[in-house]
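In: okay, here's the prediction I keep looking at, along with the sequence it came from:
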Amino acid sequence: MATRPGGAHAAKARKHLTHPVRVNRLALVRVLFCAPMSPHKEVLVRPKVLVSRKVFDEALALLGKHFEVESNQRDVPFTPVQLVKKLQGKPGAIVLLTDIIDDRLLAQCPELKVVCNVAVGYNNIDVKAATRRGVMVCNTPGVLDDTTADFAWTLLLAAARRVVESDTFFRTGKWQGWGLMQFTGYDVHHKTLGVIGLGRIGKGVARRAKGFDMRVIYTDVQRADEATEREYGVMYVDKRTLLRESDFVSLHIPLFPETRHYLSDPEFALMKKTAILVNAARGPIVDEKALVKALKEGKIAGAGLDVYEKEPKCERALISMKNVVLAPHTASASIETRTKMAMMAVQNCIAGVNGQRPPNLVNPEVLAR
């Protein structure tokens, strides 16, 4: 069979021309139909946050919807070195008062955006250093006011009526029957209550005093307006007058350098020998050594304490004193309140890590950086 002129050369040329087309079509098929089946899918990496101590399951569940969560559910406080290591690479942290967040730690955790304290106070955090480094600091205000006011009254009544002492006496089998002089304490009704710090908690304590028909006096860095004084039935006096006239003194001021040892030897010398001190605020507000001395020398009658100068320890002498009621920093420890505190901290963390303003931002000036 005769071949057309140039037929062999034309066929060879067509082969070379159509080969690239076949390759490109195959590549296109692979891109369109094979690529989605690749096992190497791109995974969205969620931000990591640290929860430094055990919290309620509801809080962890909400946090887990937004972040990869590392939680210290063993509830043993981290050492400073451990805390730094755990925080590195994480933009958010939920911490407790036992966690010290200072400039040294912040310098080693440059990814940190927000630190959320599960507490109203935040003296465990160097706020100035955090602000300088662009880290938001949050707390949980408001939610624990009534619960803490309740507990201040618990301490007051327990100390005045010797509840812990008599409870121990009964449990150890020492009670042999009723006696006229057994465990006589002090009346609370119609006495004078001195409230140091008329903030939200101080107001709550004052309001509860109405039920005991008490005279309530207060002192603070700034006097409240007349409407507030009428509403809570309180009268403003200076510090010395309050200490001299009060049968019960209840502390509700924050811890600042100027309030450290707010009560020491000179102040205890002013108080009534029948007076009882209540502290559900911050431990270092009271000079514990001076308090022990005042109790031993009979300068005051007793004390109800929920906070201590060097937690978790206190002056050893306090432990053996029967006229002192000691609680392990549990003024806000109701199930309802502690759960709300944890949830507030979570909401603060979610907002902060996502670049939004947290609901309870302590250092709003950080947003201008």
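Out: All right, it came through fine.

In: tell me the gap between the helix or strand harbouring residue 289 and the middle of its chain.
Out: Using DSSP states H and E, residue 289 sits within helix 288-296. From the chain centre to the centre of helix 288-296 is a distance of 29 Å (Cα atoms, centre = their mean, to the nearest Å).

In: on the C-terminal side of it, identify the next helix or strand.
Out: Next along from helix 288-296, by DSSP H and E: strand 302-305.

In: tell me who's in contact with residue 331.
Out: Residues in contact with residue 331 (Cβ atoms under 8 Å, 6 or more residues apart in numbering) are 144, 147, 148, 151, 152, 280, 306, 307. C-betas here are computed from N, CA, C, even on glycine.

In: okay, helices next: where are they in this protein?
Out: 7-29, 57-64, 80-87, 103-107, 127-132, 145-160, 163-171, 200-209, 226-232, 239-245, 265-270, 288-296, 316-319, 335-353 (DSSP state H).

In: sorry, back to before: as CSV, the contacts of residue 331 with neighbour count, pLDDT and distance to residue 366 would be great.
Out: Shown next, in CSV, are these (neighbours: other Cβ atoms under 10 Å; pLDDT from 0 to 100; distance: Cβ to Cβ, whole Å):
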residue, neighbour count, pLDDT, distance to residue 366
144, 24, 94, 24
147, 19, 97, 29
148, 24, 97, 28
151, 23, 98, 33
152, 26, 98, 33
280, 27, 97, 30
306, 24, 98, 31
307, 23, 97, 28
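
In: pull the most distant pair out of those.
Out: 147 and 307 (14.9 Å; Cβ to Cβ).

In: for residue 165, see how far away residue 183 is.
Out: 7 Å (Cβ to Cβ, to the nearest Å).

In: between these two, tell me which one has more neighbours.
Out: Neighbour totals were compared for residue 183 and residue 165, and residue 165 leads with 18 against 14 (other Cβ atoms under 10 Å).

In: quick revisit: now the contacts of residue 331 as TSV including distance to residue 240?
Out: Putting the contacts of residue 331 into TSV (distance: Cβ to Cβ, whole Å) gives the following:
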residue	distance to residue 240
144	31
147	31
148	26
151	28
152	22
280	23
306	25
307	24
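
In: of those, closest to residue 82?
Out: residue 307 (25.1 Å).

In: wouldn't that closest one be in contact with residue 282 here?
Out: Yes: contact status for residue 307 versus residue 282: in contact at 5.7 Å, counting by Cβ atoms under 8 Å.

In: what is the burial count for the closest residue to residue 169 other than its chain neighbours?
Out: Excluding the flanking residues, the one nearest residue 169 by Cβ to Cβ, 6 or more residues apart in numbering is residue 175, at 6.0 Å. By the criterion of other Cβ under 10 Å, residue 175 has 13 neighbours.

In: quick check, pLDDT for residue 175.
Out: Residue 175 is assigned 96 on the pLDDT scale.

In: which residue is nearest the centroid of the chain?
Out: residue 119 (1.9 Å; Cα atoms, centre = their mean).

In: which residues does it contact?
Out: Per Cβ under 8 Å, 6+ apart, neighbours of residue 119: 96, 97, 139, 140, 341.

In: what stretches of this protein score poorly on pLDDT?
Out: 1-43 (pLDDT under 70).

In: how does it divide into domains?
Out: Following automatic domain parsing, the chain resolves into domains at 48-141+336-368, 145-170+183-326.

In: any idea how far apart the tips of the longest one sit?
Out: When you say that, I think you mean domain 145-170+183-326. One end of domain 145-170+183-326 to the other measures 20 Å (Cα to Cα, to the nearest Å).

In: any idea how far it is from the middle of the chain?
Out: 22 Å.

In: hmm, back to that, now the helices of the chain in TSV, with distance to residue 252?
Out: As requested, those are arranged in TSV below (distance: least, Cβ to Cβ, whole Å):
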stretch	distance to residue 252
helix 7-29	75
helix 57-64	27
helix 80-87	30
helix 103-107	29
helix 127-132	21
helix 145-160	8
helix 163-171	22
helix 200-209	4
helix 226-232	13
helix 239-245	13
helix 265-270	16
helix 288-296	17
helix 316-319	21
helix 335-353	17
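
In: which one of those helices lies nearest to residue 187?
Out: helix 145-160 (7.6 Å).

In: next, the angle helix 200-209 makes with that closest one.
Out: Between the axis of helix 145-160 and that of helix 200-209 there is an angle of 60 degrees, by axes from the mean of the first three to the mean of the last three Cα atoms, to 10 degrees.

In: need the contact partners of helix 145-160.
Out: For helix 145-160, using Cβ under 8 Å, 6+ apart, the contacting residues are 163-164, 185-188, 200-201, 204-205, 207-208, 248, 250, 252, 276, 278, 280, 302-306, 323-325, 327, 330-334, 336-337.

In: might you report the residue contacts of residue 303?
Out: 159, 276, 277, 278, 279, 291, 295, 323, 324, 325.

In: which of these are buried?
Out: Those of those that meet the buried threshold are 159, 276, 277, 278, 279, 291, 295, 323, 324, 325, by 16 or more other Cβ atoms under 10 Å.

In: which among these gets closest to residue 232?
Out: Out of the buried ones among the contacts of residue 303, the member with the shortest distance to residue 232 (by Cβ to Cβ) is residue 278, at 17.4 Å.
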